[in-house]
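Asks: With the input below, show me the fold.
(one chain, ligands or ions: 1)
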Amino acid sequence: MPEITVVKVERVAGEQGQAGRVVHIERPEEWAACPECGVISTSVRQRRTTRPRDLPYGEEALHVRWHKRQFACKEALCSRKAFTESVAEIPPRARVTGRLCRAAARRVASGASVAAACREYRLGWPLTHRHFTALADAVLAEPEPVEVLGIDETRRGRARWRKNADGSWDKLERFETNFVDLSGTGGLLGQAAGRTGSAVEGWLDARGQAWKSAVQVVAIDPATCYRTAIRRALPHATIVVDHFHLIALANKAVTAVRQRVTRDQRGRRGRSVDPEWANRRRLLRARENLSQRAFTTMWNALIDHEPTGQILTAWIAKEDLRSLLACARQQQPRSVISHRLFRFFSWCAGSDIPELISLAETIEQWWPETLAFITTGITNARTEGTNRLIKDAARVAFGFRNLANQRRRVRLACTHQTINPAA
Ligand SMILES: [Zn+2]
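Replies: All right, here's what the predicted structure looks like:
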């Protein structure tokens, strides 16, 4: 510890026969400056011994005895008659050392809850949290500019339901928009409340023009409000739509067609005896991940038992879209991309199935962003990984009530800076 000299170390048999060390410390200087007037005093009025609690030394307990001096202030104009010396590591009236508090703060930074760190180091919640806040704020500066930015949403806390006067229910959910560095090591750059265009625009505007100019590509979910906001805030940037969400839309269309056909044919919901229900998971799996046997089972069941053919038509549309998006991985030339796009569009248009027509319309509306995915191969996958960390941080803390605390904890957990708990 700086500013402190060790006078002597005694070995003692501690409680329950456990060996420990008693370390006697004091300041080397025989003088101190009055905190009120700054005049140096050498006249010691009395000495006191305090027992600030410190980190354990290895396996053994470490008992600190600090021999403090109280000085008399000799400055005639000073209102303070006496003062006690202190050091930065053990401020006045502190009963624990600064490094014990910092060790607890590092435990929180490395993923423990504040309450768990308090138990481990036998400290109070406010003290531990104050030190954690200081540590986090020192580490989490304003984010550095990034080249590829990922934007998506997470739900904050649980959904709640509210009953209206007319007896209907409203679902109340709170969302956060997350900004993630997809090209570098910045991790989670920040969060904004809500999942609106203004949340995105406000956060980007707060970074300043130089920061915004540095962003070349933005990857988003197919949400129109995000796209509009980015076109306004980052007019120079290329927008990429995440292909995973496009495939999810196609899978949703397959399921919607299957459920509608079952309703029309049988006048009820699907049951395990219905071939289309029995094959519902095979329908959603990628063709190349189906074994030949699984594919044949699914195909023949639908050919034999689904007279309208709509479910297989939807499944083929889904596979056509997947093969279009696979052009990114396969680095296909433009001719192949336009051929597969045409095949997908004409299949959907010729099907006369409302779910497929609306899927094709969505792809058409997002075609520039989809093509940007196919040519760049950029995905929001890292954002999805961050979302898991965000949920883990909330789980460790058993939920957050204070938004500022939540954002600090989450951002530290999702930023690739490692904080060594032993440092
Ligand atoms: Zn003084």
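Asks: Contact residues of this protein facing the ion?
Replies: Cys34, Glu36, Cys37, Cys73, Glu75, Cys78, Arg80 (C-beta under 5 Å from the ion). Yep, even glycine has a C-beta here, placed from its N, CA and C like the rest.
Asks: again, only this time at 8 Å
Replies: Applying C-beta under 8 Å from the ion, we find that the chain lies next to the ion at 34-39, 41, 73, 75, 78-80, 83.
Asks: and the two most separated of those?
Replies: The largest separation in the residues of the chain next to the ion, counting by C-beta to C-beta, is between Ser41 and Ser79 at 14.5 Å.
Asks: More neighbours: which of these two?
Replies: The residue with more neighbours, out of Ser41 and Ser79, is Ser41; 21 against 8, by other C-beta atoms under 10 Å.
Asks: Tell me what that one is bridged to.
Replies: With DSSP bridges as the criterion, Ser41 is bridged to Ala32.
Asks: Quick check: it touching Gln70?
Replies: No - at 10.1 Å, Ser41 and Gln70 do not qualify as touching, with contact defined as C-beta atoms under 8 Å.
Asks: Overlap of the contact sets of the two?
Replies: When contacts are counted by C-beta atoms under 8 Å, 6 or more residues apart in numbering, Ser41 and Gln70 are jointly contacted by Phe83.
Asks: Need the buried ones from the residues of the chain next to the ion selected in PyMOL.
Replies: The PyMOL command for the buried members of those (criterion: 16 or more other C-beta atoms under 10 Å) is given here:
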select buried, resi 34+37+41+73+83
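Asks: how about stretch 156-167: buried residues?
Replies: Under the neighbour-count criterion of 16+ other C-beta under 10 Å, stretch 156-167 has Arg156 buried.
Asks: Next: stretch 360-373.
Replies: For stretch 360-373, by 16+ other C-beta under 10 Å, it's Ala360, Thr362, Ile363, Trp366, Glu369, Thr370, Leu371, Ala372, Phe373.
Asks: quick one: the last one and the ion, what's the gap?
Replies: Distance, Phe373 to the ion, by C-beta to the ion, to the nearest Å: 70 Å.
Asks: Output the helix or strand that contains that residue as CSV, nothing but the C-alphas.
Replies: Here Phe373 sits within helix 367-376, counting by DSSP states H and E. The C-alpha trace of helix 367-376 is given here as CSV (Å, rounded to 0.1, in the frame of the first residue of the first chain):
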residue,chain,number,x,y,z
TRP,A,367,-34.3,-6.2,-51.8
PRO,A,368,-31.5,-3.6,-51.7
GLU,A,369,-30.7,-4.6,-48.1
THR,A,370,-31.0,-8.3,-49.0
LEU,A,371,-28.6,-7.9,-51.9
ALA,A,372,-26.2,-6.1,-49.6
PHE,A,373,-26.2,-9.1,-47.4
ILE,A,374,-25.6,-11.5,-50.4
THR,A,375,-22.7,-9.4,-51.6
THR,A,376,-21.1,-8.6,-48.2
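Asks: So which elements touch that helix?
Replies: When contacts are defined as 3 or more C-beta pairs under 8 Å, 6 or more residues apart in numbering; DSSP states H and E, helix 367-376 sits against strand 217-220, strand 238-241, helix 243-266, helix 310-325, helix 327-330, helix 334-351.
Asks: Which SSE is immediately downstream of the longest one?
Replies: For helix 243-266, the succeeding helix or strand toward the C-terminus, using DSSP H and E, is helix 275-278.
Asks: And for the first one?
Replies: Following the chain from strand 217-220 toward its C-terminal end, the next helix or strand by DSSP H and E is helix 224-233.
Asks: quick one: that following helix to chain centroid distance?
Replies: Counting by C-alpha atoms, centre = their mean, to the nearest Å, helix 224-233 is centred 22 Å from the centre of its parent chain.
Asks: now the helix or strand that contains Glu153 against helix 224-233, angle please.
Replies: Per DSSP H and E, Glu153 falls inside strand 148-163. Interaxial angle of strand 148-163 relative to helix 224-233 (axes from the mean of the first three to the mean of the last three C-alpha atoms, to 10 degrees): 140 degrees.
Asks: got a list of contacts for stretch 199-216?
Replies: If you take C-beta under 8 Å, 6+ apart as the criterion, stretch 199-216 is touched by 142-143, 145-149, 151, 177, 179, 190, 192-193, 225-226, 229-230, 232-234, 236-238.
Asks: go on, stretch 375-390?
Replies: Contact with stretch 375-390 is made by 148, 150-152, 154, 176, 178, 180, 182, 187-188, 217, 219-221, 238, 240, 242-245, 328-329, 372-373, 410, 413-414, as judged by C-beta under 8 Å, 6+ apart.
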